[in-house]
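Colleague: Please work out how this folds:
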Amino acid sequence: MRHALFAAGLALAPIFAVLPAQATEYTLDPGHTQVRFGWTHFGFSGPEANFDDVTGTLNVDEDDPAKSTVEVTIPVKSIDTHVPALDEHLLTKPEFFKVEEYPEITFKSTKVRNISDNKKRFEVVGDLTVNGITKEVVLKSKLNKHGEHPMYGGAEAAGFDATTTLKRSDFGMDAFVPNVSDKLKVRITTEAIEADAYAKKLEEMKAKEE
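Modeller: All right, here's what the predicted structure looks like:
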């Protein structure tokens, strides 16, 4: 049952809705959450970049796992292409991110489907918003592990991986296509910690800094 519960819960993004009494909230650990994406450059190379600041909340519905939801928020300025000049270009040129008008990327799940027999593989469908444009995307997802997390005093936790393919032109960023590929291959990995335990850990860390 627990595997089914967590398998149905992944989606990278908090949806604010009335949840059943059995619903449990988890916080995505930013220190162990990565969103990476790659493209092709004139056919010669396949560069990759990542976002360094990813936050989110996972709500798990124990009565109906398929209704579990997640919301993710990513500040656009946290992008890291590993090339400072390219970071500046993506953040300042109008043909790419319109960061002043739309400073955040968000994902909000809408459904979970195609849960495998072993409850470890499934698809998360949701709305991805970039540059103020919203498109439906499907995350092919996998439950890596569910159990007690040693870094959080044995609190309940779950880890997931997910992949998808996006077209940057869908979000108003078609500059240099096809020399720089339109398609972006996205890879996500995350750890979700029971929300109260995660908040307690943050309080302890802040107290040590004071």
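Colleague: name the helices or strands packed onto the helix or strand where Ser141 lies?
Modeller: If you go by DSSP states H and E, Ser141 is part of strand 133-149. When contacts are defined as 3 or more Cβ pairs under 8 Å, 6 or more residues apart in numbering; DSSP states H and E, strand 133-149 packs onto helix 2-7, strand 121-130, strand 155-167, strand 183-194. All C-beta spots, glycine's among them, are computed from the backbone N, C-alpha and C.
Colleague: Contacts for the last one, please.
Modeller: Outside of strand 183-194, the residues within contact range by Cβ atoms under 8 Å, 6 or more residues apart in numbering are 9, 12, 24-29, 32-39, 54, 56, 58, 139, 149, 152, 155-168, 201.
Colleague: Of the residues you listed, grab the buried ones for ChimeraX.
Modeller: Of the contacts of strand 183-194, the buried ones go into a single ChimeraX selection, burial set by 16 or more other Cβ atoms under 10 Å:
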select :9,12,24,26,27,28,29,33,35,37,38,39,54,56,58,139,149,152,155,156,157,158,159,160,162,164,166,168,201
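Colleague: So for Ser68, what's the pLDDT?
Modeller: With respect to pLDDT, Ser68 has a value of 82.
Colleague: and it, how many neighbours?
Modeller: Residues contacting Ser68 under the criterion other Cβ atoms under 10 Å number 26.
Colleague: Next: Lys77.
Modeller: When neighbours are counted by other Cβ under 10 Å, Lys77 comes out with 14.
Colleague: I figured it was touching Leu90, is that so?
Modeller: No: counting by Cβ atoms under 8 Å, Lys77 does not reach Leu90; the two are 10.1 Å apart.
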